[in-house]
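In: Below are the sequence and a predicted model for it; my questions follow.
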Amino acid sequence: MVYIYIITISTNFYSMRSKVVLLFTMLIFCSCSSETIVKSHEGKILYQKHCEACHGNMGQGFEDLYPPLSGADYFIASPLAAACYMRNGLQGKIRVNQKEYEMEMPAFPQLSAIEITNILNYIGNQWGNRLGYISPAQVNEKLKTCQN
């Protein structure tokens with residue numbers, strides 16, 4: 001939700017340059033913060049719906065069955081690879097933080113590239129993970145190279 005604020009500024013006190021800088025700053029703040037909130041919120045909702053049951057509400061994984069996503073060397077080393085796992089599933093052994101996991105990950109072919117991007121951005125910037133922003137273009141390119 002974007003809120004628009006109207007500010008009346010006394011012409012006697014502020015110069016025209018100050019008004020322009022203030023207006024520009026407000027526009028950037030409003031446009032950036034609302035977009036970030038929407039994407040983060042959508043990523044969280046999608047994570048809760050598709051990932052949380054196995055990987056946990058804090059990305060901690062589940063015992064010896066499902067690997068963690070919080071601080072996971074496997075994810076941090078190649079976060080875009082997870083786009084392929086979400087789209088096509090994952091079978092076989094994987095090693096995460098010096099521990100092996102072999103539980104099959106189901107495919108989610110119904111997820112769009114944008115939804116996968118939002119999930120990756122949520123996981124990549126939660127629970128101590130600090131991977132920065134992954135763009136939809138990066139995810140689209142990676143999905144083209146996934147092996148089924």
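Out: On my side now, so go ahead. Residues are numbered from 1 along each chain as shown.

In: Show the subsequent helix or strand relative to the worst-scoring helix or strand of the chain on mean pLDDT.
Out: Ranked by mean pLDDT, DSSP states H and E, the weakest helix or strand in the chain is helix 16-50, scoring a mean of 61. Counting by DSSP states H and E, the next helix or strand C-terminal to helix 16-50 is helix 52-55.

In: now the helices: where do they sit in the protein?
Out: 16-50, 52-55, 73-77, 81-88, 113-124, 136-145 (DSSP state H).

In: From the contact counts, what lies against the fifth one?
Out: Spelled out, it's helix 113-124. The contact analysis (3 or more CB pairs under 8 Å, 6 or more residues apart in numbering; DSSP states H and E) places helix 113-124 against helix 16-50, helix 81-88, helix 136-145. From N, CA and C alone the C-beta is placed, and that goes for glycine too.

In: Give me the residues contacting it.
Out: 39-40, 42-44, 46-47, 50-51, 59, 69, 75, 79-80, 82-83, 86-87, 111, 129-136, 138-140, 143 (CB atoms under 8 Å, 6 or more residues apart in numbering).

In: No further questions, thank you.
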